[in-house]
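Trainee: I need the structure of the sequence given here:
(chains A and B)
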There are 2 protein chains.
Amino acid sequence: MKKIQASIVTIGDELLIGQVIDTNSAWIARQLNSAGVIVLRRVSVGDDAEAIERILDEESKEVDLILMTGGLGPTSDDITKKVLCRYFQGKMVVNEAALENVKYLFNEVFHRPVTPINLLQAEVPDVCEVIQNPRGTAPGMIFYKGEKMFVSMPGVPFEMEGMITGTVIPLVKKKWNLPLILHRTLVTAGIGESALAEMITDFEQSLPSSIRLAYLPSYGYVRLRLSAAGTDPESMTVEMDRIFGDLKRQVKEYLVTDQDEPMEVVIGKLLSERNQTISTAESCTGGYIAHLITTVPGASTYYEGSVISYSYNIKEKLLGVKGVTLLQHGAVSEETVIEMLKGVIEKVHTDFGIAVSGIMGPGGATEDKPVGTVWMAVGNQKDFLTQKLQLRFNRKRNIEVTSTMALNLLRKFILTH
Amino acid sequence: MKKIQASIVTIGDELLIGQVIDTNSAWIARQLNSAGVIVLRRVSVGDDAEAIERILDEESKEVDLILMTGGLGPTSDDITKKVLCRYFQGKMVVNEAALENVKYLFNEVFHRPVTPINLLQAEVPDVCEVIQNPRGTAPGMIFYKGEKMFVSMPGVPFEMEGMITGTVIPLVKKKWNLPLILHRTLVTAGIGESALAEMITDFEQSLPSSIRLAYLPSYGYVRLRLSAAGTDPESMTVEMDRIFGDLKRQVKEYLVTDQDEPMEVVIGKLLSERNQTISTAESCTGGYIAHLITTVPGASTYYEGSVISYSYNIKEKLLGVKGVTLLQHGAVSEETVIEMLKGVIEKVHTDFGIAVSGIMGPGGATEDKPVGTVWMAVGNQKDFLTQKLQLRFNRKRNIEVTSTMALNLLRKFILTH
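Mentor: Sure, this is the predicted structure:
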């Protein structure tokens, strides 16, 4: 079986000056991988005809499939469609279905008059297959050159995602006989990447050549991923499950989950299983823990609410923290987070709670409490656990790390209560 | 003056299977741009010697500067250092300062025993200049080949950022005589990309060839960016300011800010100037608006706190929403968000408030309220504005869009009160 390889090409000046983060590439890569296509490279180029043509030449020498996003907007800086039309020697024609779609979106969804520029969105090279786009005005395009397939999609994630799922992946599966790619990922916390590596040296050295191990360290946790490619799903799955089971046993002490899922999903599953609820009292994280919890669909079954108490005043008024506690120990103290925890569990009336207070920077440090000082408390009505952190990142990262670590502390508490 | 061009190369299998989103490239691109270096391409390749060497060959044909991140970890899947050592024909030697740093970090910061694998982090090719890394164990490396410069840095953002700011940008500025690159960005809301384009057609056509206009559409707003490259800072700035002023006048009606800054920063500045405060009562956004507000350093001067009221119970108990209102109109209704708004302004005692309630999906829809239905209210103690949204994205995006639009609605309210 031939390995089918792909390149993901994202187009737009905004990518080269760093004004947007490219999230499309990662999303597309995940879909291709699940379908058994190997992503060889990801490239970003500007809205520049020469750069786009060069990339098409280069990548098509190496790979079978080139997926492009971006540069299909209605404005003059968007040139991808024109470049592709010339590259594949076509001429522009109006696609009737795309035209109807543009008119429909403006009349029925946006409630704005259609302008001539909008109507141009319905023009496509006559040498492509059109992917209709119910989510936006720019149609997608598929070109073929010999055995190679080129797909051009809008850069708007929601529009691109609809095309990949609805059209591109089914087409790719039909065109090529694809191998099976298996991944198994687990998440560990409380151990560094290198200590983990030493711990499982023997395991790693005994891996068959068909299975690869990768370390994906992040702040506060390390993910381990096993990957295999093959053709026989049954024997592959059996071998993978055996080896993955072995890996899980080896890292048992630090294992958070044997799925590739974030901490908030792990917590959500735990609470759902136990039919229990949670609330948060957040100072320095400013609602980010609540946000993480509520990104999970169905969170309303175990999440009731939170109090974000940024000021002394709200800590006292809404959470019942004693003025004397704040005065004697300060807002960033073990005493205060314990009272915040008790307050939120009582007010929101939940089984478990999380409370955090800290100094995220760049300002706010005091002599005995530098930037990055955080106190966390997790617990239930009767019992609690506290932890102090001393972080050394920037404001954004400090907020993220604190939130993940607080959720992990709660996870440990729940497992023993 | 020669234009100095760069490629950003991110290395790691995790990028090709989409397990992580590459945020390093955008960050590095911004730093290079500000320094006057043009980023020609961004490429991601796997932890594969052949792929890395091919990219080094290809990119160094085109550009002067290659900045790499990733593949410097202590585990066996990280091979960048070895590949570079061979590519530049060096041999591995221990760097004493790097060794001291590894020992220091383990003993004094991580409080874990140093392992042999950790110590290997201090080895570098003898043909490179070492960038010390106080933020982590992997040192950075700089190689030269003729006039070309190659830099290899860890993939951990915080570590990479320290090296770029502290070492790489100063070195690049010293090595090359760089042109000045000027950007001016403004943000509009309430008008689509194509309508905006039609509105400023004449302006766009009258732009001098030295200045380029780009449209950066996002959900709920469009950013417009002018870019110019040149050598004379004074004349460039004068011309840019004149043209940017013209653009601002043209889009006046829809202008949010004439800086490249998110809505939460605009709101923060407004409140700081007026010495006023804000609170939020969030149901469907689950704390994301509070999070956006508190990502801004110094938010504590205008932000007191929030109530995240996910359940009926908390809406009643902590915000004083009447049971009969919830019963008659439901949680997702104009009546409920108005009561939530009044409740949070009163309880948290702020000048302004935001209240939102909606159905973010995938579940939760009712017959008359499909997924994506959102009610928002913004106001002060006396007056308020409400708005209904009908969104059509996924859960995550619905939360983000609602939050940005609620902040924008508040911005408009503040400006008239």
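Trainee: Quick check: residue A:215 is in a strand.
Mentor: Yes - using DSSP: H, G, I helix; E, B strand; the rest coil, the assignment for residue A:215 is a strand.
Trainee: quick one: contacts for it?
Mentor: Residues near residue A:215 by C-beta atoms under 8 Å, 6 or more residues apart in numbering or on different chains: A:193, A:196-197, A:222-224, B:73, B:75, B:77-78. Where you see a C-beta, it was placed from the backbone N, CA and C, and this is true even at glycine.
Trainee: Show me what it is bridged to.
Mentor: Beta-bridge pairing for residue A:215 (DSSP bridges): residue A:224.
Trainee: Low-confidence ranges, chain A, go.
Mentor: Applying pLDDT under 70 to chain A picks out residues A:1.
Trainee: How is it divided into domains?
Mentor: As given by automatic domain parsing, the domain ranges for chain A are A:5-175, A:180-257, A:263-415.
Trainee: quick one: which of those is nearest residue B:42?
Mentor: Of all those, domain A:5-175 sits nearest to residue B:42, with 4.0 Å by C-beta to C-beta.
Trainee: That closest one: end-to-end distance?
Mentor: 13 Å (C-alpha to C-alpha, to the nearest Å).
Trainee: cool, stretch A:52-72 as well?
Mentor: Stretch A:52-72 has its terminal residues 13 Å apart, counting by C-alpha to C-alpha.
Trainee: ok, and for it, which residues are buried?
Mentor: Residues A:52, A:55-56, A:59-60, A:63-72 are the ones in stretch A:52-72 that count as buried (16 or more other C-beta atoms under 10 Å in any protein chain shown).
Trainee: Equivalent analysis for stretch A:361-371, please.
Mentor: Buried residues in stretch A:361-371, counted by 16+ other C-beta under 10 Å: A:361, A:364, A:369, A:371.
Trainee: Check stretch A:111-120 too.
Mentor: For stretch A:111-120, the neighbour count (16+ other C-beta under 10 Å) marks A:114-115, A:117-119 as buried.
Trainee: how about JSON lines for those, with secondary structure and distance to chain B added?
Mentor: Shown next, in JSON lines, are those (DSSP: H, G, I helix; E, B strand; the rest coil; distance: C-beta to the nearest C-beta, whole Å):
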{"residue": "A:114", "secondary structure": "coil", "distance to chain B": "9"}
{"residue": "A:115", "secondary structure": "coil", "distance to chain B": "5"}
{"residue": "A:117", "secondary structure": "helix", "distance to chain B": "5"}
{"residue": "A:118", "secondary structure": "helix", "distance to chain B": "5"}
{"residue": "A:119", "secondary structure": "helix", "distance to chain B": "10"}
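Trainee: farthest-separated two in those residues?
Mentor: Those two in those that are separated most widely, counting by C-beta to C-beta, are A:114 and A:117, at 9.3 Å.
Trainee: before we move on, the earlier item: now, the buried residues of stretch A:361-371 that are in helices?
Mentor: Nothing among the buried residues of stretch A:361-371 maps onto helices, per DSSP state H.
Trainee: Find the pair from those residues with maximum spatial separation.
Mentor: Spatial extent of the buried residues of stretch A:361-371 (C-beta to C-beta) is set by the pair A:361 and A:369 at 11.5 Å.
Trainee: in the helix or strand encompassing residue A:198, what's buried?
Mentor: Residue A:198 belongs to helix A:193-199 when assigned by DSSP states H and E. Within helix A:193-199, the residues that count as buried by 16+ other C-beta under 10 Å are A:193-197, A:199.
Trainee: Stretch A:151-163 too?
Mentor: Across stretch A:151-163, burial judged by 16+ other C-beta under 10 Å covers A:151-157, A:159-163.
Trainee: Among those, which ones are in strands?
Mentor: Mapping those onto strands (DSSP state E) picks out A:151-153.
Trainee: and of the residues you listed, the nearest to chain B?
Mentor: For those, the residue nearest chain B by C-beta to the nearest C-beta is residue A:153; the value is 15.3 Å.
Trainee: For residue A:163, list the residues it contacts.
Mentor: Contact analysis of residue A:163 by C-beta under 8 Å, 6+ apart lists A:131, A:133, A:140, A:151, A:153-154.
Trainee: try it again with 6 Å
Mentor: A:131, A:140, A:153 (C-beta atoms under 6 Å, 6 or more residues apart in numbering or on different chains).
Trainee: can you check residue A:333 too?
Mentor: Here residue A:333 is in contact with no residue (C-beta under 6 Å, 6+ apart).
Trainee: Phi, psi for it please.
Mentor: Dihedral pair for residue A:333: phi -160, psi 160, per degrees, to the nearest 10.
Trainee: in the one helix or strand residue A:409 maps to, what's buried?
Mentor: Here residue A:409, judged by DSSP H and E, is contained in helix A:395-415. Across helix A:395-415, burial judged by 16+ other C-beta under 10 Å covers A:395, A:397-411, A:413-414.
Trainee: wait, is residue A:386 part of a helix?
Mentor: No - applying three-state DSSP, one finds residue A:386 to be strand, outside a helix.
Trainee: quick one: it from residue A:324, how far?
Mentor: As for residue A:386, its distance to residue A:324 is 19 Å (criterion: C-beta to C-beta, to the nearest Å).
Trainee: of those two, who's got more company?
Mentor: Neighbour tally, residue A:386 and residue A:324, criterion other C-beta atoms under 10 Å in any protein chain shown: the higher count belongs to residue A:386, 16 against 9.
Trainee: Check the spacing between the more buried one and chain B real quick.
Mentor: Computed as C-beta to the nearest C-beta, to the nearest Å, the residue A:386 to chain B distance reads 18 Å.
Trainee: The nearest residue to that residue once chain neighbours are set aside: which element?
Mentor: Of all residues not flanking residue A:386 in the chain, residue A:377 sits nearest, at 4.7 Å (C-beta to C-beta, 6 or more residues apart in numbering or on different chains). Using DSSP H and E, residue A:377 maps to strand A:373-379.
Trainee: Now that strand - C-alpha only, CSV.
Mentor: What follows is strand A:373-379 as a C-alpha-only set of coordinates in CSV (Å, rounded to 0.1, in the frame of the first residue of the first chain):
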residue,chain,number,x,y,z
THR,A,373,2.7,33.6,44.3
VAL,A,374,-0.6,31.6,44.3
TRP,A,375,-2.6,30.0,47.0
MET,A,376,-5.2,27.3,46.1
ALA,A,377,-7.7,25.4,48.1
VAL,A,378,-9.9,22.5,47.0
GLY,A,379,-12.4,20.5,49.1
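Trainee: what packs against it?
Mentor: Where contact means 3 or more C-beta pairs under 6 Å, 6 or more residues apart in numbering or on different chains; DSSP states H and E, strand A:373-379 is packed against helix A:334-348, strand A:352-358, strand A:384-390, helix A:395-415.
Trainee: buried stuff in stretch A:320-335?
Mentor: Buried-residue list, stretch A:320-335, by 16+ other C-beta under 10 Å: A:321, A:325-326, A:330-333, A:335.
Trainee: How far does that stretch sit from its chain's centre?
Mentor: 37 Å (C-alpha atoms, centre = their mean, to the nearest Å).
Trainee: Repeat that for stretch A:52-66.
Mentor: 27 Å.
Trainee: Can you name the residues in contact with it?
Mentor: A:4-7, A:9, A:40, A:43, A:45, A:83, A:87, A:148-150.
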